[in-house]
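Peer 1: Next comes the sequence, and after it the predicted model I'd like to discuss.
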Amino acid sequence: MRYKFLFIHIFLATVMVACNNTSNKQTPTDTPNDGTIYISVDESFKPVMEQQILVYQSSNPKAKIIASYKSEVDCFKDLQNDSTRMIFVARGLRKSEEDYYIAKIEYKPEDDVLAYDAVAIIVNINATDSLFTIAKIKNLLNGTSNIPVVMDGNNATSTVRFLQDSVLHGEPFGKNVVAANGSEAVVEAVSKNAKAIGFVGLSWVGNNNEPKQQEQLKKIKLALVECVKCTEKELFAKPSQSTITFSQYPLARPLYFIMKENYLGLGTGFKNFMMLERGQLIFRRAFLAPAKMDFKKRNSLIKENND
């Protein structure tokens, strides 16, 4: 009887060790053009990422990419879940995050820049002032100017983090800064208040060939921001593909993918699609600046008038 109990104990110990050894390994259930994956996307990139998914799935009918659109912080939380394969955000992994995943899944998730976006400043179509220096933007955000400012969230979105890091340098927002329920709500709020100033991702307001954005641009307009890197003084630029590419628009930011996939799966297929010509052209048509392809734009300063 003692030998029987010893055998059972050894058997159970072996099963537990086997389970521990395989718990961090992905079992492939998909290929680059077949299967289902779940991704999380920062809400400010929603319009362009919807187009990327639509075109990829049209070319690969057996592929299903299920996207959730949410704040940047929530995207990073989702990445910690086994069910989320990829996220799309405005920054790459920090060293502490890399260490976390190496300990958890035994490899570092892949991350890279796909394109460059910008935080656009929008004003009401009837606004008399649409020229902004960086100092003026800082005064808006910290509450010195006391003008109503509308953001796409409280403290968890990529737009909020970018402005707090790049403009306020860690200072808190003023009491004049209010949160709307997403980028579309920011546009709506500014369109109804002649004094309000909004901050949204360019993906939501930069594509004047998209019917919905055409309608929005009848109610709001893009403000111009002082070019801090230009040799000419008092040069102001609207956010655009060209001004992002040539570093004339100072509120530019990257669009990153971060992917947990250590085999050739659907995540890799989708990532490769976006990094090659067809995917890069989709970013270009959405008026973002592609990061992986040189479309031979003319190398000169572009001054945009407030017409």
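Peer 2: Sure thing, it's come through.
Peer 1: ok, which stretches of the protein are helices?
Peer 2: When secondary structure is read from DSSP state H, the chain shows helices at 2-22, 46-59, 72-79, 95-105, 134-142, 158-166, 183-192, 211-216, 241-245, 266-275, 277-285.
Peer 1: CSV please, covering the ones you listed and showing mean neighbour count, mean pLDDT and distance to residue 124.
Peer 2: (C-beta placed from N, C-alpha, C; glycine too.) Formatted as CSV, the entries for the helices of the chain read as follows, by neighbours: other C-beta atoms under 10 Å; pLDDT from 0 to 100; distance: least, C-beta to C-beta, whole Å:
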stretch, mean neighbour count, mean pLDDT, distance to residue 124
helix 2-22, 9, 44, 58
helix 46-59, 18, 97, 21
helix 72-79, 20, 96, 27
helix 95-105, 13, 96, 39
helix 134-142, 18, 96, 15
helix 158-166, 20, 93, 19
helix 183-192, 21, 94, 6
helix 211-216, 13, 84, 12
helix 241-245, 22, 93, 22
helix 266-275, 21, 98, 35
helix 277-285, 18, 95, 28
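Peer 1: Out of these, which gets nearest to residue 251?
Peer 2: Residue 251 sits nearest to helix 158-166 of all those, at 7.3 Å, using C-beta to C-beta.
Peer 1: could you give the angle of that closest one to helix 134-142?
Peer 2: Relative orientation of helix 158-166 with respect to helix 134-142: 120 degrees, computed using axes from the mean of the first three to the mean of the last three C-alpha atoms, to 10 degrees.
Peer 1: Residues touching helix 158-166, excluding its own?
Peer 2: By C-beta atoms under 8 Å, 6 or more residues apart in numbering, the list of residues contacting helix 158-166 from outside reads 42, 44, 71-72, 89-91, 119, 141, 151-155, 170-171, 173, 199-201, 251, 253.
Peer 1: make it 7 Å
Peer 2: Outside of helix 158-166, the residues that reach it under the criterion C-beta atoms under 7 Å, 6 or more residues apart in numbering are 42, 44, 72, 89-90, 119, 141, 151-153, 170, 199-201, 253.
Peer 1: where's the dip in pLDDT among the residues you listed?
Peer 2: Across the contacts of helix 158-166, the member with the lowest pLDDT is residue 153, scoring 79.
Peer 1: just checking, it touches residue 178?
Peer 2: No. Counting by C-beta atoms under 7 Å, residue 153 sits too far from residue 178 to count as a contact (10.6 Å).
Peer 1: And the two? Which one has more around it.
Peer 2: A direct count of neighbours by other C-beta atoms under 10 Å for residue 153 and residue 178 places residue 153 higher, at 24 against 14.
Peer 1: on that earlier part again, would you turn the helices of the chain into TSV with distance to residue 294?
Peer 2: Formatted as TSV, the helices of the chain follow (distance: least, C-beta to C-beta, whole Å):
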stretch	distance to residue 294
helix 2-22	44
helix 46-59	20
helix 72-79	29
helix 95-105	29
helix 134-142	29
helix 158-166	26
helix 183-192	29
helix 211-216	26
helix 241-245	10
helix 266-275	13
helix 277-285	10
